[in-house]
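Engineer: here is my input, please return the structure:
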Amino acid sequence: MLEQLKDIVGEGNLLTGADMARYSHDWTREFSWTPLAVVRPANTAEVAAVVKLAGATGTAVVPVSGNTNLAAASTAEGALMLSLERMNKIREIRPEAKLAVVEAGVVLSALREAVDTHNLIFPLTFGAQGSAMIGGNLSTNAGGSNVLRYGNTRDLCLGLEVVLPNGEIMDIMSELHKDNSGYNLKHLFIGAEGTLGIITGAVLKLAPKPRAYATAMVAAQSVSGALDLLNRLQAATGGSVEAFEYMPRPYIEAHMAAIRGARAPFETSYDVNILVEVGATSEQGAALGPDGRPMVSSQLEETLGVLLEDGVVLDAVVAQNEAQRREMWARREAAAEVIFAQTPIINNDIAVPVDKVEAFITMADEAIKAADPEAFPLIVAHLGDGNVHYAVKAPSHTPEIKAQIVEIVEECVLHFGGSFSAEHGIGTYKLPSMARRKNKAAVSSMRAIKAALDPQNIMNPGKVIPG
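Structural biologist: Predicted structure coming up:
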C-alpha cells in the first residue's frame with residue numbers, strides 16, 4: 001500500500017517514521033498517536049486516488065489541515081493521515097461578486113491578506129488564523145470573534161468540492177446565493193469533521209472591508225449591563241458591531257502573568273472587561289469629524305458617555321490609533337495560550353442564549369466550587385453570540401474529577417437550553433457529552449447518514465458520533 005501511495009503523491013510526500021513527528025500530537029499536546037503514514041496530495045485527483053486505495057485496503061483515513069483543533073478530532077492511531085497543506089492555492093478572487101474560490105489547505109490569514117488588496121474581507125477571525133486552514137474551518141464550522149456580525153463559517157460558504165468515501169469527487173462548487181435544487185448537501189459536510197468525506201475546495205463569501213473601525217476596552221458594572229451597551233451600540237450604528245468579547249478579572253490577571261510585556265486594560269482592576277469593535281462600511285460612518293477622527297468613533301464615545309453617566313459603564317479606553325487597537329486585540333487573541341498555560345485544564349466550549357450568559361456563569365461557578373473547592377474557572381467569551389469558553393483549573397485533576405466537572409457544566413448549560421459544543425467541534429473529546437446530551441433521534445440520524453455515505457467506516461472513524 002505504501003508503494004502505491006508513493007506512486008500517487010511522489011516519494012517525498014509520503015511520510016513515515018520520525019518524519020511524522022509533527023503530525024503525531026494535537027496542538028495542546030494532551031493527545032498523541034502514531035499514524036500508519038502521512039500522505040500529502042497536491043490536488044483533488046490525488047486525494048481521490050488515495051481515498052480509493054484506502055477503501056480497497058480497508059484503511060482508516062484521517063484528514064488534517066492546520067491541526068489547531070481543540071477537540072482531538074485528528075487523533076490517528078494506526079490510520080493514514082491525509083494532510084491538505086500542499087493544496088493551498090487561492091484559485092480565484094472575484095471582487096464584483098464578493099467571492100473567493102480556494103483550496104482546502106489555504107491558511108486563513110493568507111486568504112484574509114489576499115482579499116484585503118481588493119478592499120474586501122473574509123470575516124472569519126480568531127487567534128489561530130495564522131495556522132488554521134480553510135478545510136479545517138469548514139470541517140469544524142469554526143466561529144471566532146466576528147460571528148456577531150457575519151456568522152459562523154457555515155454562513156460564509158456558497159459551495160464545496162468534496163471527495164467522498166468511495167473516492168468519487170462531488171462538485172457542488174455553487175457560486176449562487178439561491179439554489180433549491182434538492183438537499184443542501186453543502187451543509188452536511190460543513191461541521192462533519194471529515195467523517196463523511198474530505199473537503200478539498202470551497203467557494204467563500206467575502207464582505208466589504210470596513211472603511212473605519214472604532215475599538216475600545218470597556219469596564220461594565222455587570223455582564224447584563226454590558227449587553228445593554230451592545231444593544232445601544234447596535235441601534236446607534238445600524239448593527240455594525242463586529243466583536244463584543246468578555247474578559248473577566250481572572251483572565252486579565254492570567255494574561256498579564258502569561259504574556260511578557262502585557263499591560264492591564266485600565267489603571268483600576270474591574271470584574272467585567274469588554275473588548276468592543278464597531279466597523280463602519282458607510283461613507284457617513286467613516287467620515288472624519290471636527291476632531292479628525294471617524295464618526296463611528298464619536299458614536300462609540302457618545303454611547304459610552306451616556307452609559308458612564310448611568311453607571312452601567314465604569315471605565316472605558318477608546319483606541320486612538322492602529323497600534324492601540326492591535327494591543328487590545330492581542331489581549332483577546334492570546335486566549336488559547338493563556339488558558340492552556342494553566343495545565344492541566346478542563347476545557348468547556350459552550351453556548352447559551354445571550355441574555356443567559358451571566359446566570360449560567362453564576363450557576364456554574366457555584367456548582368464547581370461545591371464539587372471541588374480548589375477548582376477555579378478561567379473564562380473568556382464571545383459575549384455577543386453567547387459562546388463561553390468555560391475552562392476549569394482543578395489542582396486535584398484526575399479522569400474522575402474531569403468527568404465530574406464536565407457533567408456539572410453540561411447540567412448548567414442544559415438548564416438554560418444551551419449547547420455543550422459551540423465552535424470547537426466534537427472530535428473524540430466530546431464523545432461522552434454527545435452520548436449523554438444529544439437527542440437520541442438526532443444521533444440515530446447521524447449514524448444512518450454515516451453508514452450510507454461511508455459503509456466501511458474509513459473516514460475519520462470514532463469521531464463526532466458516539467459508539
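
Engineer: ok, H415 - contacts?
Structural biologist: F360, M363 (Cβ atoms under 8 Å, 6 or more residues apart in numbering). Just so you know, the C-beta spots here come from the backbone N, C-alpha and C atoms, and that holds for glycine as well.

Engineer: and the chain, what are its domains?
Structural biologist: The record assigns the chain these domain ranges, following automatic domain parsing: 2-83, 90-208, 212-335, 342-424.

Engineer: what pLDDT does G135 get?
Structural biologist: For G135, the pLDDT comes out at 97.

Engineer: that one against P63, yeah?
Structural biologist: Yes: using Cβ atoms under 8 Å, G135 makes contact with P63 at a distance of 7.2 Å.

Engineer: which neighbours do these two share?
Structural biologist: L84, I198.

Engineer: was I right about S222 contacting V272?
Structural biologist: Yes: S222 is within contact range of V272, at 6.1 Å (criterion: Cβ under 8 Å).

Engineer: neighbour count for the two, which is higher?
Structural biologist: V272 (21 against 12; other Cβ atoms under 10 Å).

Engineer: mind listing what the residue nearest to that one when sequence neighbours are not counted touches?
Structural biologist: Using Cβ to Cβ, 6 or more residues apart in numbering and skipping the chain neighbours, the partner closest in space to V272 is A220 (4.4 Å). A220 sits next to A226, L229, Y270, V272, N273, I274, V312, V313, L314 when contact means Cβ under 8 Å, 6+ apart.

Engineer: report pLDDT for the fourth one.
Structural biologist: Looking at V272, its pLDDT stands at 97.

Engineer: and it, bridged to which residues?
Structural biologist: Beta-bridge partners of V272, counted by DSSP bridges, are A220, P248.

Engineer: so how far is A71 from it?
Structural biologist: 28 Å (Cβ to Cβ, to the nearest Å).

Engineer: now the domains of the chain as JSON lines including distance to R447?
Structural biologist: Output for the domains of the chain, formatted as JSON lines (distance: least, Cβ to Cβ, whole Å):
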{"stretch": "domain 2-83", "distance to R447": "17"}
{"stretch": "domain 90-208", "distance to R447": "11"}
{"stretch": "domain 212-335", "distance to R447": "34"}
{"stretch": "domain 342-424", "distance to R447": "18"}
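
Engineer: what about G239, how many neighbours?
Structural biologist: G239, neighbours per other Cβ under 10 Å, totals 11.

Engineer: state the helix or strand in which it lies.
Structural biologist: Assignment of secondary structure by DSSP states H and E places G239 within no helix or strand.

Engineer: ditto for V296
Structural biologist: helix 295-310.

Engineer: who does the very next helix or strand once past that helix touch, helix- and strand-wise?
Structural biologist: Using DSSP H and E, the next helix or strand after helix 295-310 towards the C-terminus is strand 313-318. On a contact count with 3 or more Cβ pairs under 8 Å, 6 or more residues apart in numbering; DSSP states H and E, strand 313-318 meets strand 212-220, helix 295-310.

Engineer: what does the helix or strand of the chain with the lowest mean pLDDT rub up against?
Structural biologist: Lowest by mean pLDDT, DSSP states H and E among the helices and strands of the chain is helix 283-286, with a mean of 84. With contacts defined as Cβ under 8 Å, 6+ apart, helix 283-286 is touched by P210, R211, A212, T237, S240, A280, P294, M295, V296, Q299.

Engineer: try stretch 447-465
Structural biologist: 54-55, 58-63, 73, 75, 79, 164-165, 188, 192-198, 425-428, 431, 434, 443, 446.

Engineer: try 7 Å
Structural biologist: Residues outside stretch 447-465 that contact it (Cβ atoms under 7 Å, 6 or more residues apart in numbering) are 54-55, 58-63, 73, 164-165, 192-197, 426-428, 443, 446.

Engineer: would you map the strands across the stretch 101-250 of the chain?
Structural biologist: 120-121, 157-163, 169-172, 198-205, 207-208, 212-220, 241-248 (DSSP state E, counting those that start in this stretch).

Engineer: turn these into a markdown table, including mean pLDDT.
Structural biologist: Formatted as a markdown table, the strands of the stretch 101-250 of the chain follow (pLDDT from 0 to 100):
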| stretch | mean pLDDT |
| --- | --- |
| strand 120-121 | 97 |
| strand 157-163 | 98 |
| strand 169-172 | 98 |
| strand 198-205 | 98 |
| strand 207-208 | 96 |
| strand 212-220 | 96 |
| strand 241-248 | 97 |
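
Engineer: out of those strands, which is closest to H25?
Structural biologist: H25 lies closest to strand 198-205 among the strands of the stretch 101-250 of the chain, at 21.4 Å (Cβ to Cβ).

Engineer: in its sheet, what does that closest one sit against?
Structural biologist: Strand 198-205 is paired, per DSSP bridges, with strand 99-103 (antiparallel), strand 157-163 (antiparallel).

Engineer: any idea how many residues pack against D271?
Structural biologist: 14.

Engineer: over to L2?
Structural biologist: 12.

Engineer: and if you look at the one 5 residues further on?
Structural biologist: The number of residues packed around D7, counting by other Cβ under 10 Å, is 12.

Engineer: hang on, the earlier thing: just the buried residues of the contacts of A220.
Structural biologist: Listed as buried from the contacts of A220 are A226, L229, Y270, V272, N273, I274, V312, V313, L314; burial here means 16 or more other Cβ atoms under 10 Å.

Engineer: identify the residues contacting the nearest residue to D116 once chain neighbours are set aside.
Structural biologist: Nearest residue to D116 in three dimensions, chain neighbours excluded: K209, at 6.8 Å (Cβ to Cβ, 6+ apart). Residues in contact with K209 (Cβ under 7 Å, 6+ apart) are D116, N119, L120, I121.

Engineer: measure K209 to G311 for me?
Structural biologist: 36 Å.

Engineer: ok, now P208?
Structural biologist: 37 Å.

Engineer: and the two? which has more neighbours close in?
Structural biologist: Neighbours were counted for P208 and for G311 using other Cβ under 10 Å; P208 has more, 13 against 9.

Engineer: ok, the more buried one - contacts?
Structural biologist: P208 neighbours (Cβ under 7 Å, 6+ apart): L120, T281.

Engineer: ok, what's across the strand from it?
Structural biologist: L120.

Engineer: quick one: contacts for the nearest residue to G78 once chain neighbours are set aside?
Structural biologist: Spatial nearest neighbour of G78, chain neighbours left out: L36 (5.6 Å); criterion: Cβ to Cβ, 6+ apart. The contact partners of L36, taken as Cβ under 7 Å, 6+ apart, are G78, A79, L80.

Engineer: just the ones in strands from the residues you listed, please.
Structural biologist: L80 (DSSP state E).

Engineer: need the contacts of L36 in JSON lines (columns: pLDDT).
Structural biologist: Formatted as JSON lines, the contacts of L36 follow (pLDDT from 0 to 100):
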{"residue": "G78", "pLDDT": "96"}
{"residue": "A79", "pLDDT": "97"}
{"residue": "L80", "pLDDT": "98"}
